[in-house]
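Visitor: can't give you the sequence, but here's the structure:
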Ligand code: ADP
Ligand code: MG
């Protein structure tokens, strides 16, 4: 198996897709928790193959939005369509099929502590394929190397990994089934600059290899400027704008200005 070395040549930015081939469409989504209105008629369209970031202040509803895209939360009203399936009232069988096409890297990793890294990565393959153990282990090793971990990490348990290694192991598991849609919740949060710096090259490399649609929540200005095609800004219960960082940096909307001036400082 060839080891992958991420170099400048392999991380050239893929051009932003345009047109109207959408993998996620959210229409007039309303979500509240008790008295707290989180989404107040929110609309968002995500194009196939794009790298889109969701930004917004703390409590603006970013994580809830992501949870609504991956069937972990149902909005009170409005529609969410993912890869052609309307999620409200989706059958269990269709939901299971959809989950197999989506990879999710949770903020805290979400790996099973009683399983080794290799076993964690192999879990979705054991569940959703008829592959034999040898093939599963080989795929796990490949995803591990793709995520920038050394082969020795395969036999370690999550508690034995550093923060950066844990994020990479979670990414390797999210990649197990070659997802069309990859969700990353704060991929660099809590990492030191060296560890976080490697993640942007990694995301670009993955995108160049597979062209998955990538939806990430992040505050990381390196990721936002260097990796994303478009950024959706959440505020006042809505998506206030979806645009490139360059375009956003010229917008005058006060919430957008507050967010960017704050993020820069
Ligand atoms: P963000 O990720 O942008 O910081 P969240 O989506 O996590 O924001 O949360 C948005 C708001 O909804 C916050 O005020 C949060 O406290 C509230 N909230 C989120 N999930 C729940 C829940 N399961 N129950 C009650 N309140 C929640
Ligand atoms: Mg959050």
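Guide: Now that the structure is in, tell me what you want to look at. Keep in mind that what you see is a predicted model, and the values were worked out from it rather than measured. Ligands and ions are numbered 1, 2, ... in the order given.
Visitor: From now on I want contacts and neighbour counts done on CA atoms only, so please keep to that.
Guide: Fine.
Visitor: Return the residues of the stretch 1-150 of the chain in contact with ligand 1.
Guide: Within the stretch 1-150 of the chain, the positions adjacent to ligand 1 are 33, 38, 58, 59, 60, 61, 62, 63, 64 by CA under 6 Å from any ligand atom.
Visitor: tell me the two of these that are most distant?
Guide: Taking CA to CA, the two most distant members of these are 33 and 58; they sit 15.7 Å apart.
Visitor: Any regions of this protein where pLDDT drops low?
Guide: Across the chain, the stretches falling below the confidence threshold (pLDDT under 70) are 1-13, 262-265.
Visitor: Show the secondary-structure elements that the longest helix anywhere in it is packed against.
Guide: When every helix of the chain is counted residue by residue (DSSP state H), the longest turns out to be helix 193-210. Contacting helix 193-210 under the criterion 3 or more CA pairs under 8 Å, 6 or more residues apart in numbering; DSSP states H and E are the following elements: helix 221-226.
Visitor: Could you list every helix and strand in contact with the helix it packs on?
Guide: If contacts are counted by 3+ CA pairs under 8 Å, 6+ apart, helix 221-226 sits against helix 193-210.
Visitor: Moving C-terminal from the helix it packs on, which element do we reach first?
Guide: Tracing the chain past helix 193-210, the next element assigned as helix or strand by DSSP states H and E is strand 213-217.
Visitor: How many neighbouring residues does the spatially closest residue to residue 103 that is not a sequence neighbour have?
Guide: Counting by CA to CA, 6 or more residues apart in numbering, residue 103 lies nearest to residue 174, which is 4.3 Å off, once chain neighbours are set aside. Residue neighbour count, defined by other CA atoms under 10 Å, stands at 24 for residue 174.
Visitor: cool, and residue 20?
Guide: Count around residue 20 with other CA under 10 Å applied: 10.
Visitor: distance of it from ligand 1?
Guide: Distance check for residue 20 against ligand 1: by CA to the nearest ligand atom, to the nearest Å, it reads 27 Å.
Visitor: What segments of the stretch 51-200 of the chain are helices?
Guide: Using DSSP state H, counting those that start in this stretch, the helices assigned to the stretch 51-200 of the chain run over residues 62-69, 92-100, 117-128, 133-146, 163-174, 193-210.
Visitor: before we move on, the earlier item: please verify my assumption that the residue nearest to residue 103 contacts residue 106.
Guide: No. Using CA atoms under 8 Å, residue 174 and residue 106 do not qualify as a contacting pair, with a distance of 9.0 Å.
Visitor: Tell me which of the helices of the stretch 51-200 of the chain lies nearest to residue 234.
Guide: Closest of the helices of the stretch 51-200 of the chain to residue 234 is helix 62-69, at 7.3 Å (criterion: CA to CA).
Visitor: So which other helices or strands are in contact with that closest one?
Guide: On the basis of 3+ CA pairs under 8 Å, 6+ apart, helix 62-69 makes packing contacts with strand 77-82.
Visitor: Can you give the distance of the strand it packs on from its chain's centre?
Guide: On the basis of CA atoms, centre = their mean, to the nearest Å, the separation between the geometric centre of strand 77-82 and that of its chain is 19 Å.
Visitor: Run me through the strand neighbours of that strand, direction for each.
Guide: Sheet pairing here is set by DSSP bridges, and for strand 77-82 it gives strand 22-33 (antiparallel), strand 85-86 (antiparallel).
Visitor: re earlier: format the residues of the stretch 1-150 of the chain next to ligand 1 as JSON lines; extra columns: neighbour count.
Guide: As requested, these are arranged in JSON lines below (neighbours: other CA atoms under 10 Å):
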{"residue": "33", "neighbour count": "9"}
{"residue": "38", "neighbour count": "23"}
{"residue": "58", "neighbour count": "8"}
{"residue": "59", "neighbour count": "11"}
{"residue": "60", "neighbour count": "19"}
{"residue": "61", "neighbour count": "22"}
{"residue": "62", "neighbour count": "24"}
{"residue": "63", "neighbour count": "17"}
{"residue": "64", "neighbour count": "17"}
